[in-house]
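Q: how would this look folded up:
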Amino acid sequence: MDILLLERLVPEAESWLAERHALQIRPELATDLSALRKAVYKTQAAVLPRKVAITREFLDFAPMLKAVARMHVGTDNTDLEACRERKVRVIQATTANVRSNAEYLLAALLLLFRRGIGAPLAGDRHAEVRIGRELNGSVIGIFGLAPTGHALALMLHSLGARLIGYDPAVHHTAPIWPRLQVKPVSLQEMMAQSDAISVQMMDASRYKGFINDKVLAHCKRGQVWVGISRSQLFDVDALAHALSDGRIEAAMLDGAETGFASRGTPLHDKQNLFLTPRLGSHTREARLRASWYVAHRIHETLSAAREASAEASEATQPMPLV
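A: This is a model prediction of the structure:
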């Protein structure tokens, strides 16, 4: 078997691959580790969901594996060093979700600025009228210059928002700031001046708990927060306090890790905290882009491997006698 799909691509991409390679679609294997190990033994490429981790042990059961692909962004569930050692290519559609995530953040900002929209959407046709705010003229803090932040900045600027920003990994003199028309400021200044904060920080272990009491102490009262970054960026107790005392009026975060606001945590009863299940990257267009990217890269990898094998075979053939 050439390719094993535990996560589906769009039908067109699956058909395109099936015309060129032996393809099996087995999403049920994601919850059956024993069956998965048997299936990957002779597999050359696999498309795996987030719940399936790529470890050294997994690779031991896949000696023929040449590529592993993910439709999502993030490598915390993939042992990259082990993949390099085994010469297994890790394929990720890292840019496919940039636009969809930026639109999610924009939609979240609009919803939190106009929270009166929420009740009718939930079915209350006689909801109380709530006063809202406009993005035009508001100060929006761009917290992190990941690619999604670039797309969001362009959207917000066209709506008349004034943009300031901070990224611990980007110097304030970097040319990207004026290119995006975002004024670089200190973290404290961004907290104190922003009407809303959008968080799209690149994931890194050193940023765990980065948004803590010291940072949130400088919040402009009544701020709203939206974010697509890993929830481990937040100190849970600090965020709960800020949501309770009025510093943060409301927050909408996408794709929080399991347990982030579960029962028994400080965030569990916060009615002004809204968590969505990774909706940012789930659009038809983003899935189409990701599917075709993954399909082309897998085909490219397997074709190159076949050519290399054919060349090696020719090189070992004995020279004909003259």
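Q: in the strand or helix carrying Leu109, what counts as buried?
A: If you go by DSSP states H and E, Leu109 is part of helix 98-113. By neighbour count on 16 or more other CB atoms under 10 Å, the buried set for helix 98-113 is 98-106, 108-113. Every C-beta, even on glycine, is put in place using the N, C-alpha and C of the backbone.
Q: Only C-alpha atoms, please: export whatever helix or strand comes next after it in PDB.
A: Where DSSP H and E defines the elements, the next helix or strand beyond helix 98-113 is helix 118-121. Once non-C-alpha atoms are left out, helix 118-121 reads as follows in PDB (Å, rounded to 0.1, in the frame of the first residue of the first chain):
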ATOM      1  CA  GLY A 118     -25.200  36.500  20.200                       C
ATOM      2  CA  ALA A 119     -28.700  36.100  21.800                       C
ATOM      3  CA  PRO A 120     -30.700  36.100  18.600                       C
ATOM      4  CA  LEU A 121     -28.200  33.700  17.000                       C
END
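Q: This structure: strands as residue ranges?
A: For the chain, applying DSSP state E gives strands covering 3-5, 23-25, 45-47, 67-70, 89-92, 139-143, 162-166, 183-184, 196-199, 223-227, 248-254, 273-276.
Q: Serialize these to a markdown table and add fields for mean neighbour count, mean pLDDT and distance to Arg287.
A: Formatted as a markdown table, these follow (neighbours: other CB atoms under 10 Å; pLDDT from 0 to 100; distance: least, CB to CB, whole Å):
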| stretch | mean neighbour count | mean pLDDT | distance to Arg287 |
| --- | --- | --- | --- |
| strand 3-5 | 24 | 97 | 14 |
| strand 23-25 | 17 | 96 | 16 |
| strand 45-47 | 27 | 97 | 12 |
| strand 67-70 | 24 | 96 | 13 |
| strand 89-92 | 18 | 95 | 14 |
| strand 139-143 | 26 | 98 | 26 |
| strand 162-166 | 21 | 98 | 29 |
| strand 183-184 | 18 | 98 | 34 |
| strand 196-199 | 26 | 98 | 23 |
| strand 223-227 | 26 | 98 | 22 |
| strand 248-254 | 22 | 97 | 16 |
| strand 273-276 | 16 | 96 | 17 |
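Q: Let's have these in TSV, adding distance to Ala242.
A: Formatted as TSV, the strands of the chain follow (distance: least, CB to CB, whole Å):
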stretch	distance to Ala242
strand 3-5	43
strand 23-25	45
strand 45-47	40
strand 67-70	33
strand 89-92	33
strand 139-143	14
strand 162-166	17
strand 183-184	24
strand 196-199	11
strand 223-227	8
strand 248-254	4
strand 273-276	10
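Q: Minimum distance to Ala174: which of those strands has it?
A: Set against Ala174 and scored by CB to CB, the strands of the chain come closest in strand 183-184, at 7.8 Å.
Q: partners of that closest one in the sheet?
A: strand 162-166 (parallel) (DSSP bridges).
Q: Report the inter-axis angle for the partner strand versus strand 139-143.
A: 30 degrees (axes from the mean of the first three to the mean of the last three CA atoms, to 10 degrees).
Q: Relative to the whole chain's centre, how far out is strand 162-166?
A: Remark: strand 162-166 is offset 22 Å from the chain centroid, using CA atoms, centre = their mean, to the nearest Å.
Q: Flag the shaky bits of this protein, pLDDT-wise.
A: In the predicted model of the chain, residues 309-322 satisfy pLDDT under 70.
Q: Cool, thanks, signing off.
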